[in-house]
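Asker: From the sequence below, what's the structure:
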Amino acid sequence: QVQLVESGGRWVQTGDSLRLSCVASGGTFSRLKMGWFRQTPGKERDFVGSISWNGGRTFYSDSVKGRFTISRDNAKNTVYLQMNSMKPEDTAVYYCAADQNAGWSFWGQGTRVTVSS
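Answerer: Numbering: from 1, shown residues only. Now for the predicted structure:
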């Protein structure tokens with residue numbers, strides 16, 4: 001069983017940068033594909049981006065491409081989401097997820113990000 005704990009969410013202003021972290025435990029982190037998702041009230045959880053087990057491949061949603069970067073440190077069991085040039089529409093609860101070759105099976109509790117205009 002993989003446990004994920006996100007941190008770093010806070011209030012920021014338009015144009016600011018913010019880095020979220022997600023620490024994993026209970027599994028072999030280096031074998032996990034990791035992803036970030038976000039959700040606003042009344043809407044479905046949306047894919048933000050993902051990173052392969054060794055960091056060699058990343059994918060991003062069109063809404064964040066060029067502004068957000070996902071990276072990982074397998075020695076620290078941690079995946080990061082660097083968010084730059086933030087916009088009010090980036091306001092959401094951000095979730096970390098892990099894929100152990102069976103889909104996004106493990107989720108964190110979420111961390112809230114608010115971007116004011």
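Asker: Could you find the closest non-adjacent residue to the spatially most central residue of the chain?
Answerer: The centre of the chain sits closest to residue 36, judged by CA atoms, centre = their mean, with a distance of 2.9 Å. Sequence neighbours aside, residue 48 is the residue nearest to residue 36 in space, at 4.2 Å (criterion: CB to CB, 6 or more residues apart in numbering). C-beta coordinates here come from the backbone N, C-alpha and C atoms, glycine included.
Asker: what residues are up against the one you found?
Answerer: The contact partners of residue 48, by CB atoms under 8 Å, 6 or more residues apart in numbering, come to 35, 36, 37, 38, 60, 61, 64, 68, 81, 94.
Asker: which one among those gets closest to residue 20?
Answerer: Residue 20 lies nearest to residue 81 out of the contacts of residue 48, by CB to CB, at 4.3 Å.
Asker: so after the host helix or strand of the closest one, what's the next helix or strand?
Answerer: Assigned by DSSP states H and E, residue 81 falls within strand 78-83. Next in sequence after strand 78-83, counting helices and strands by DSSP H and E, comes strand 92-99.
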